[in-house]
Each structure stands twice: as C-alpha cells, then as structure tokens.
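Undergrad: structural data only, the sequence is not supplied:
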C-alpha cells in the first residue's frame with residue numbers, strides 16, 4: 001500500500017523529466033536571446049546578468065551563487081522535502097545557462113530577443129512550476145513575504161521585484177531602450193507563464209435564469225460536457241421560485257453555451273462574467289499550495 005502523501009515513482013520521474021526540459025528551455029532563453037542583448041528579465045537571473053557585466057562572472061554561475069543563501073534560508077524555513085525539486089531545478093538552470101552561453105546570440109535585434117526570450121522563459125518556468133518545483137531566487141523570497149504579508153498578491157510581488165531589477169539594469173547599461181525591452185520580456189514571460197501553468201483559456205462564469213432550466217442544463221452537460229449546479233432563486237416581482245443554473249467553462253466554450261440558451265429559451269436571463277481562479281476537477285487543485 002502506498003504511503004499517504006508520497007507520489008508514485010513514475011509520476012516523480014515524469015515530473016523530473018519535465019523539470020529538466022523546462023530548465024533546458026530556460027537556459028536557451030537566457031543564453032541565446034536575453035543575456036547577449038543586455039536584457040535583464042528580473043529576478044535572480046536578471047541580477048546575475050548585471051553582475052556578469054560588473055564582475056565578469058558567468059551568468060549561470062552568478063545565478064547559482066546568489067541562489068545558494070536563498071535556498072539555505074528556504075531549507076531552514078520550509079524543509080528539505082519542499083526544496084528538493086527546487087534545488088534540482090536551480091542547479092540545472094544554472095548549468096544550462098553556462099552550457100548554451102558558448103553558442104552566441106540567435107538575434108541581435110532587441111525587440112525580437114525580448115519577445116522570443118521572454119516567451120521561452122515563460123515556457124521553461126511554467127514547465128518547472130507545473131512539475132511542482134521553482135527556480136529558487138525570487139520565487140522563495142516571494143514565498144517568505146507571503147508568509148508575513150498574506151494580503152499582498154503574488155503577481156504584484158513578482159512585478160515589484162522584476163521592476164527593481166530592470167531599474168538596476170538601467171543604471172548599469174545606461175540605456176533606456178534596453179530597460180524598456182527588458183520590461184517587454186518580463187511582460188511576455190508573465191503572460192506565457194500563466195498560459196503554460198493554468199491553460200490558455202480563461203474561464204467564464206455563467207448564471208442562467210430560465211423556465212426551461214432543466215432542458216438547458218441537460219444540453220450543456222450533454223453537448224459541451226460541462227458540469228452545472230442548480231441554485232434556488234425567487235423572482236422579486238413575481239415571487240415565483242426559479243431554478244438558476246450556475247456553470248463554469250473555458251472561454252472557447254462560452255459561445256456554444258450561449259447558442260444553446262438561445263435555442264432552448266430566447267427569453268432566458270443570462271449573466272456572463274470572467275472567472276480568474278477556479279479550483280476543482282479540470283482546473284487547479286484546491287489542495288495545491290499557492291506560492
């Protein structure tokens with residue numbers, strides 16, 4: 001019998017293979033696109049790029065040296081079990097950055113480098129996070145801050161730390177254009193990271209009030225294969241009891257749901273809104289710890 005809390009061996013192998021692939025893509029983004037164009041994309045990697053220009057220390061090695069005390073602090077606070085995969089990811093990212101640095105830049109056009117590098121960085125980071133690890137650095141620092149200041153949003157903390165690093169790169173490189181391209185890379189990285197981690201489709205939360213709620217719900221479940229929940233409502237004017245359908249679906253499925261409602265009951269009252277975080281089957285795991 002498998003001990004509770006332990007993952008199957010095959011699943012752990014798949015996770016470490018994903019971490020390895022993500023770290024490889026991470027190294028490519030830094031060494032072939034961002035670093036050669038003086039683009040410091042925030043975080044410890046951005047600091048390592050700046051340190052490389054000031055001291056000559058290779059970016060991968062600098063990233064590892066900066067991460068060592070941060071990982072040690074994380075090890076003390078969160079324990080070895082939490083950080084094993086993160087330590088593995090951090091060492092691999094540093095190694096791949098140094099490995100690919102000898103290949104030279106793919107493009108010397110800073111905008112293309114910012115777009116491609118930021119996109120690849122988001123893919124690599126997203127793969128590492130999906131496997132349950134992080135790349136150390138500001139990920140652990142943000143986790144520390146979240147323990148003390150729970151009201152602060154993770155995204156805002158990352159944006160603040162990245163902005164500070166980009167501002168520091170402006171002081172080192174003395175080039176406003178380079179700093180602006182670095183911010184483009186940061187924004188592309190953030191967007192692609194979210195797509196890889198959570199999926200490209202944002203969700204829609206839909207409420208449907210109709211006298212034909214049963215038939216609408218049946219078609220939503222049968223045609224679109226989505227779950228629905230019935231809520232009890234009462235009309236304020238008529239005082240009549242009504243069934244209210246509540247359902248969540250991917251963006252791409254919303255037009256199909258609207259078409260079903262139009263066909264079943266043109267007089268139905270429907271509310272469509274965005275849903276930014278959804279936990280449950282088909283979405284995020286409610287038991288998964290947030291960074």
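TA: That came through, no problem. Note that the structure is predicted; figures quoted are calculated from it, not measured.

Undergrad: state the pLDDT value of the closest residue to residue 78 other than its chain neighbours.
TA: Excluding the flanking residues, the one nearest residue 78 by CB to CB, 6 or more residues apart in numbering is residue 143, at 7.5 Å. In this view, the C-beta of every residue, glycine as well, is placed from N, C-alpha and C. Looking at residue 143, its pLDDT is 70.

Undergrad: any idea which element residue 143 lies in?
TA: Assigned by DSSP states H and E, residue 143 belongs to helix 138-148.

Undergrad: what is the orientation angle of the following helix or strand past that helix with helix 138-148?
TA: Note on helix 138-148: by DSSP H and E, the next helix or strand toward the C-terminus is helix 154-173. Computed by axes from the mean of the first three to the mean of the last three CA atoms, to 10 degrees, the angle separating helix 154-173 from helix 138-148 equals 130 degrees.

Undergrad: tell me which other helices or strands the helix or strand just after helix 154-173 touches.
TA: The helix or strand immediately downstream of helix 154-173 is helix 176-198, counting by DSSP H and E. When contacts are defined as 3 or more CB pairs under 8 Å, 6 or more residues apart in numbering; DSSP states H and E, helix 176-198 sits against helix 110-130, helix 154-173.

Undergrad: what is the mean pLDDT for the shortest one?
TA: Okay, so that is helix 154-173. For helix 154-173, the mean pLDDT works out to 79.

Undergrad: what's the separation between residue 189 and residue 72?
TA: 26 Å (CB to CB, to the nearest Å).

Undergrad: look at the two and report which has more neighbours.
TA: residue 189 (28 against 11; other CB atoms under 10 Å).

Undergrad: I'd say the more buried one and residue 125 touch.
TA: Yes - counting by CB atoms under 8 Å, residue 125 is a contact partner of residue 189 at 7.1 Å.

Undergrad: the helix or strand bottoming out on mean pLDDT in the chain - contacts with which helices or strands?
TA: Taking mean pLDDT, DSSP states H and E as the measure, the helix or strand of the chain with the lowest value is helix 138-148, at a mean of 73. Applying 3+ CB pairs under 8 Å, 6+ apart, we find helix 138-148 packed against helix 59-78, helix 154-173.

Undergrad: thinking again about what came up before, okay, the helices and strands packed on helix 176-198, which one's buried deepest?
TA: helix 110-130 (a mean of 23; mean count of other CB atoms under 10 Å).

Undergrad: on that earlier part again, tell me the buried residues in the least confident helix or strand of the chain?
TA: Buried residues in helix 138-148, counted by 16 or more other CB atoms under 10 Å: 138, 139, 140, 141, 142, 143, 145, 146.

Undergrad: tell me the angle that helix makes with helix 110-130.
TA: 60 degrees.

Undergrad: distance-wise, check the residue nearest to residue 78 relative to residue 86.
TA: When distance is defined by CB to CB, residue 143 is 10 Å away from residue 86.

Undergrad: pull up the overlap in contacts between these two.
TA: Residues touching both residue 143 and residue 86 (CB atoms under 8 Å, 6 or more residues apart in numbering): residue 74.

Undergrad: can you list the strands that the top strand by length along the chain pairs with?
TA: Identified as the longest strand of the chain according to DSSP state E is strand 241-250. Strand pairing for strand 241-250, using DSSP bridges, gives strand 203-209 (antiparallel), strand 229-234 (antiparallel).

Undergrad: what's in contact with the longest one?
TA: Taking CB under 8 Å, 6+ apart as the criterion, the residues outside strand 203-209 that touch it are 216, 231, 233, 242, 244-251, 253-254, 257, 261, 268-276, 278, 283.

Undergrad: and the residues you listed, which of them are buried?
TA: Here, 16+ other CB under 10 Å leaves 216, 244-245, 247-250, 253-254, 257, 261, 268, 270 buried among these.

Undergrad: below-threshold pLDDT in this structure: ranges please.
TA: 1-7, 81-82, 146-147, 149-156, 197-202, 252, 276-291 (pLDDT under 70).

Undergrad: could you list the domains of it?
TA: Listed domain ranges for the chain are 9-198, 203-275 (source: automatic domain parsing).
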